[in-house]
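Engineer: model this:
(chains A, B, C and D)
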Protein chains: 2
Amino acid sequence: MGLAKTEMFTDTQNQIALFAKVFGHPARVAILQKLFEIDTCYCGDLVNEIGLAQPTISQHLKELKHLGLIKGNVEGTSVCYCINKENWFKMKEVMFQFLNQDIPKGDTCC
Amino acid sequence: MGLAKTEMFTDTQNQIALFAKVFGHPARVAILQKLFEIDTCYCGDLVNEIGLAQPTISQHLKELKHLGLIKGNVEGTSVCYCINKENWFKMKEVMFQFLNQDIPKGDTCC
DNA sequence: TTATATTATTGCAATATTACGATTAATAGT
DNA sequence: ACTATTAATCGTAATATTGCAATAATATAA
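Structural biologist: As a prediction, this is how the structure comes out:
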């Protein structure tokens, strides 16, 4: 199949999975870290920084953009990418809710 | 390829990606949420709770176990699963470091 | 207008993931 | 020993992901 049965899960569960999935590749992690690190953020810079081919980087950027985590601004022939701050905070809230779940006190198991 | 070029990224970047990847499927999110919710946590309970077949749940559990996020305890014919608290906290530290990156102050871009 | 620079898109090949039926393994109860 | 219960594993089909060469699209510069 290779296809997740999203219909049997809650919206929140699917949303967490979607955000997590996009962080599930080191190239996208590296891209985001670079975007946090620098102000000016041309696509070509990322291609140089990370060792992957331009089409590959472009594809990863597309996925990050599709989830709303980054924005792209056309500047002449190049495109300046940056973090979409508003959506990054929204994502953080969703992920924190998940990661910060309280661990059950009882030690009945394990 | 379908194969991430992990060798060109830092250990931290790869680790973040590995953790995120395991959260990148709603079934595993649901499993973890259930494990946080209840104390006793037999595998069969998860099969009933989530609508997926037993081999599918078993496979997802295996991945969570492989990353050290859960523990499995054999109890007769059933297996009791639960959160590996120590590793969950370690994972949280890594993910928080990533998610809490400071957003650049300047608005030179976008 | 042609050349150059930069990014996006297309089309693949290789590999990974998801899901489940069938089976196996292990244990408990009779 | 036989049976039932539970979970893991195997095998396989369907789909997704990753990566890149080739190409297209867009804008700038000469």
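Engineer: Tell me where chain A has helices.
Structural biologist: All helices of chain A, identified by DSSP state H, fall at A:11-22, A:26-37, A:43-49, A:54-66, A:85-99.
Engineer: Which one of the ones you listed lies nearest to residue B:11?
Structural biologist: Comparison of the helices of chain A against residue B:11 by Cβ to Cβ identifies helix A:26-37 as nearest, at 9.8 Å. Backbone N, C-alpha and C define where each C-beta goes, glycine included.
Engineer: helices and strands around that closest one, which ones?
Structural biologist: Helix A:26-37 makes packing contacts with helix A:43-49, helix A:54-66, strand A:70-75, strand A:78-83, helix B:11-22, helix B:85-99 when contacts are defined by 3 or more Cβ pairs under 8 Å, 6 or more residues apart in numbering or on different chains; DSSP states H and E.
Engineer: Could you dump these into JSON lines and include mean neighbour count and mean pLDDT?
Structural biologist: Formatted as JSON lines, the entries for the helices and strands packed on helix A:26-37 read as follows, by neighbours: other Cβ atoms under 10 Å in any protein chain shown; pLDDT from 0 to 100:
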{"stretch": "helix A:43-49", "mean neighbour count": "15", "mean pLDDT": "95"}
{"stretch": "helix A:54-66", "mean neighbour count": "15", "mean pLDDT": "98"}
{"stretch": "strand A:70-75", "mean neighbour count": "15", "mean pLDDT": "94"}
{"stretch": "strand A:78-83", "mean neighbour count": "19", "mean pLDDT": "95"}
{"stretch": "helix B:11-22", "mean neighbour count": "19", "mean pLDDT": "98"}
{"stretch": "helix B:85-99", "mean neighbour count": "15", "mean pLDDT": "97"}
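Engineer: Are stretch A:30-43 and DNA strand D in contact anywhere?
Structural biologist: No: Stretch A:30-43 stays out of contact with DNA strand D when judged by Cβ under 7 Å from any atom of the strand, the minimum separation being 10.3 Å.
Engineer: Other residues contacting that stretch?
Structural biologist: Stretch A:30-43 is touched from outside by A:23, A:45-46, A:49-50, A:54, A:57-58, A:60-61, A:64, A:69-70, A:72, A:75, A:78-83, B:9-10, B:13, B:98, B:101-104, B:106, B:108-109, with contacts defined as Cβ atoms under 8 Å, 6 or more residues apart in numbering or on different chains.
Engineer: Can you list the buried residues in it?
Structural biologist: Neighbour counts using 16 or more other Cβ atoms under 10 Å in any protein chain shown place A:30, A:31, A:32, A:33, A:35, A:36, A:38, A:41, A:42, A:43 of stretch A:30-43 among the buried residues.
Engineer: What is the distance between it and the centre of its chain?
Structural biologist: Mean C-alpha position of stretch A:30-43 versus that of the full chain (Cα atoms, centre = their mean, to the nearest Å) differs by 13 Å.
Engineer: got the end-to-end distance for it?
Structural biologist: 13 Å (Cα to Cα, to the nearest Å).
Engineer: Could you see whether DNA strand C lies near that stretch?
Structural biologist: Yes: residues of stretch A:30-43 contacting DNA strand C under Cβ under 7 Å from any atom of the strand: A:42, A:43.
Engineer: For residue A:92, which non-adjacent residue is spatially closest?
Structural biologist: Take residue A:92 and drop its neighbours on the chain: the residue closest to it by Cβ to Cβ, 6 or more residues apart in numbering or on different chains is residue B:99, 5.4 Å away.
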